[in-house]
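>>> Pasting the sequence and the predicted model now:
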Amino acid sequence: MRRMAITGVLLLFVFGLVSTEAEDEPLQGFTRASSATERDWEAKFRALPSPDNQREYMRRLSARPHHVGSAYDKENAEWILSKFKEWGWDAKIETFDVLFPTPKDRLLEMVAPTRFTAKLQEPPLAVDPTSNQQSEQLPSYNAYSIDGDVTAPLVFVNYGLPGDYERLDRLGVSVKGAIVIAKYGHSWRGIKPKVAAEHGAIGCLIYSDPADDGYTLDNVFPQGPMRPSDGVQRGSVLDFSSTSPGDPLTPGVGATREAKRLAIKDAPNLTKIPVLPISYGDAQPLLAALDGPMAPKEWRGALPISYHVGPGKTKVHLKVDFNWDMKEIHDVIARIPGAQSPDEWVIRGNHHDAWVNGAQDPTSGQVALLEEARALGELMKQGWRPKRTILYCAWDAEEPMLLGSTEWAEEHDKELAQHAVAYINSDNNGRGYLEVQGSQSLEHLVNDVARDIPDPETKLTVWRRSQLRQIELARTEDDRKELRQRADLRIEALGSGSDYTAFLDHLGIASMDVRYGGEGDAGIYHSAYDDFYWYTHFADTDFVYGRALSQTAGTAVLRLADADLLPFEFTDLADTIHLYQKQLKKLADDEREESIERNKEIEEGLFTATDDPRHPNVPPPHMDVPPYLNFAPLDNAAGALTHSAERYRAALQKAWPAGVSAATLADLNRKLMESERRLTTPEGLLRRPWYKHMIYAPGVYSGYGVKTLPGIREAIEERRWAEADSEILRVANVLSAESALIDAASAELEQSGR
Ligand SMILES: [Zn+2]
């Protein structure tokens, strides 16, 4: 590309094919000379990842079930280790000992009005060669459900979210003493048993409705990619969002052999009631037997039945018993030492454990990571050395709830706080559009990277394709205008659900998660059918998006590892804080207006006047009207951050690179590494102190879904008004500390630029 004639370059620029507008400009954080060298290495790097290699790695890694504690999980870790060594990395396995329950006994039967026993099996399929490895497969279950044996009436609770229970109240239906059945989706799965238990339920079933990932979307496996009637979504229900992820017996410290452990009965994050996931084949007879009120329209799925809520004569018996065993887990940690700044670490990770064969989750991400590692090894042979140290990590035990990465991060917390520059995660991959979530300080960097990656299907840059996709999906004229005019595409904030969580939320390390997706649906998530046959028939079948993922994540690693000055940027962060600030004010206003309106409707008798006596509804309760909150400290701090971010940009433009001495550069890099840590507090979020980051956290009642400025947002959502005011002050304080750090960096630049 770089040797192309000028006219060709211009033409390509017009059509958005390659990123040429910046070819003359040095890369952010590089001098003109170092930028040219970097571009050469990056071009060599991006030519190396091979789709065929990724296919062969996947064939090997997904050949047998490889869940935590299985023989093949360990064999895979050792195979990955041998690959890193073969490619010239300094690599080792770090082990931890964790609590990992597996099923001993599972029984689900309907005992009234008729009898039915659930199958709880995913049968082998003749065309799918690994689906018959049943002796090695983990049965379908939810990890960290407590043991239980309960018989009770059944109630259908939609997705099992707090709002669904408000609706049940209006229908006059209580789940007290009942077993609930909830659909998968619209929240992390562990929210469902948590909220059910809070409402007095004594058991919880979770099933995959065909409307969500079954025949409503496409043909079911093996004719198509969607969930067949016996397919079950396994998954962890460890209540990580209100406590912490990782090994439940060693919160906050690495689960080494000698670590102090809680007794199992004292682990704070096991479920309160027994939980079992089931297929829609098993769910249908139970749901069909329910009577009571019809389920609200938006609750109904795609089964050929009338969806009722219950309860009625339908009673079910649920029994689950687990082996509460300790398992050894194996993180593969590989390293290329930095040539100039070995104490600054750029970290990249993807897990290797799966629920069953896990071709898509996690192997499609893992094989991209492996091809990056092979390519970086190749660059070393050609004479390249990174300035900073690069760490590549293949995590074990992500599926039970981020155990491998969390235990490693907790064990190495002091070193990481000192040395970590950034963490780049992936977890799985598909075809389509670049999807990035991450720290806004990395937003500009990843936009730059995306302008250098060709999309395999359109040959546009992945940046341009993503921009056009977002314009297509935008709902308002303002959104479309911003997408067309803003220099950088926004990246979404990180919630949880993958291995970046300990790095970002616990240690304050700038993080991002990258993958491709958006073309083609999948209905095999966490089932025995997520395997090589499925992936090579229905997903990224020629692994060209696997190559794109290697190119994207690998280029970001290279740039962070090689830059003279770390390519962090703060105007995107400041801009995003303003966005959150506006959202929170609107949230508080909406809460107030809704309360006033609700109370008015109760007073004027609306609910009794519009009630259908044959389908009676209970009027909702009166609501306290929220007070006005004092957002002024947040407004002031956000304004100051914008000012500081712009000052840094201007100072950098003026001084860089001629006016920056080596000593100043080293000091600036220290400050930039510190910048994400400044967004944390040592005491962390209220009631969940493991979470230290004040800008991003998983939601207590959404799980994987992010809550930005979580202290304030959740206080408003859960109507704790005094707490909202005091959290505004805490957030304002971290933003002020961030501004002070950026100002100190700017002052140094202004000094040296003189
Ligand atoms: Zn995964």
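Happy to help now that I have it.
>>> ok, which stretches of the stretch 301-450 of the chain are strands?
Per DSSP state E, counting those that start in this stretch, the stretch 301-450 of the chain carries strands over the ranges 315-336, 341-351, 388-395, 420-425, 431-438.
>>> Can you tell me which of those strands is most buried?
By mean neighbour count, with neighbours taken as mean count of other Cβ atoms under 10 Å, strand 420-425 ranks first of those at a mean of 27. Using the backbone N, CA and C atoms, a C-beta is placed for each residue, glycine as well.
>>> now the angle from it to strand 388-395?
On the basis of axes from the mean of the first three to the mean of the last three Cα atoms, to 10 degrees, strand 420-425 is oriented at 40 degrees to strand 388-395.
>>> what comes into contact with strand 420-425?
For strand 420-425, the surrounding residues in contact (Cβ atoms under 8 Å, 6 or more residues apart in numbering) are 344-350, 388, 439, 442, 498-500, 503-504, 507, 509-514, 553, 556-557, 560, 566, 673.
>>> Give me the secondary structure label for residue 74.
Recorded secondary structure, residue 74: helix (DSSP: H, G, I helix; E, B strand; the rest coil).
>>> Run a quick check on it versus residue 330, I expect a contact.
Yes: using Cβ atoms under 8 Å, residue 74 is in contact with residue 330, at 5.9 Å.
>>> Any regions of the stretch 101-250 of the chain where pLDDT drops low?
Along the stretch 101-250 of the chain, no part satisfies pLDDT under 70.
>>> now the strands: where do they sit in the stretch 1-150 of the chain?
90-112, 116-117, 142-143, 148-156.
>>> which of the ones you listed is buried the deepest?
strand 142-143 (a mean of 26).
>>> Tell me the helices and strands packed up against that one.
Contact analysis of strand 142-143 by 3 or more Cβ pairs under 8 Å, 6 or more residues apart in numbering; DSSP states H and E lists strand 235-236, strand 275-278 as its packing neighbours.
>>> So for the ion, which of these sits nearest?
Closest of these to the ion is strand 235-236, at 10.2 Å (criterion: Cβ to the ion).
>>> Who are the packing partners of the closest one?
Using 3+ Cβ pairs under 8 Å, 6+ apart, strand 235-236 sits against strand 142-143.
>>> Neighbouring strands of the strand it packs on in the sheet, and parallel or not?
strand 235-236 (parallel) (DSSP bridges).
>>> Contacts made by the partner strand with the rest, please.
Contacts for strand 235-236 (Cβ under 8 Å, 6+ apart): 142-144, 189-190, 277, 355, 399-401, 526.
>>> circling back: out of the strands of the stretch 1-150 of the chain, nearest to the ion?
strand 142-143 (13.6 Å).
>>> now the closest one, how far from the centre of its chain.
19 Å (Cα atoms, centre = their mean, to the nearest Å).
>>> now stretch 209-225
24 Å.
>>> same deal with stretch 277-294?
Worked out by Cα atoms, centre = their mean, stretch 277-294 lies 30 Å from the chain centre.
>>> gap between the two ends of it?
24 Å (Cα to Cα, to the nearest Å).
>>> Mind listing what's buried along it?
For stretch 277-294, the neighbour count (16 or more other Cβ atoms under 10 Å) marks 277-287, 289-290, 292-293 as buried.
>>> quick check, nearest of the residues you listed to the ion?
For the buried residues of stretch 277-294, the nearest to the ion is residue 277 (16.4 Å; Cβ to the ion).
>>> who does that closest one bridge with?
Assigned bridge partners for residue 277, using DSSP bridges, are residue 206.
>>> ok so, going back, can you say which of the strands of the stretch 1-150 of the chain is nearest to residue 264?
strand 90-112 (6.8 Å; Cβ to Cβ).
>>> List the buried residues of stretch 492-506.
493-506.
>>> Make TSV from the contacts of strand 235-236 and add distance to residue 238 to it.
Formatted as TSV, those follow (distance: Cβ to Cβ, whole Å):
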residue	distance to residue 238
142	9
143	7
144	4
189	10
190	7
277	14
355	14
399	11
400	7
401	4
526	15
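>>> what's the closest of these to the ion?
residue 399 (6.5 Å).
>>> Can you report phi and psi for the residue in the stretch 651-754 of the chain positioned nearest to the ion?
For the stretch 651-754 of the chain, the nearest residue to the ion under the criterion Cβ to the ion is residue 704, separated by 11.4 Å. Residue 704 adopts backbone torsions of phi -70, psi -30, taken as degrees, to the nearest 10.
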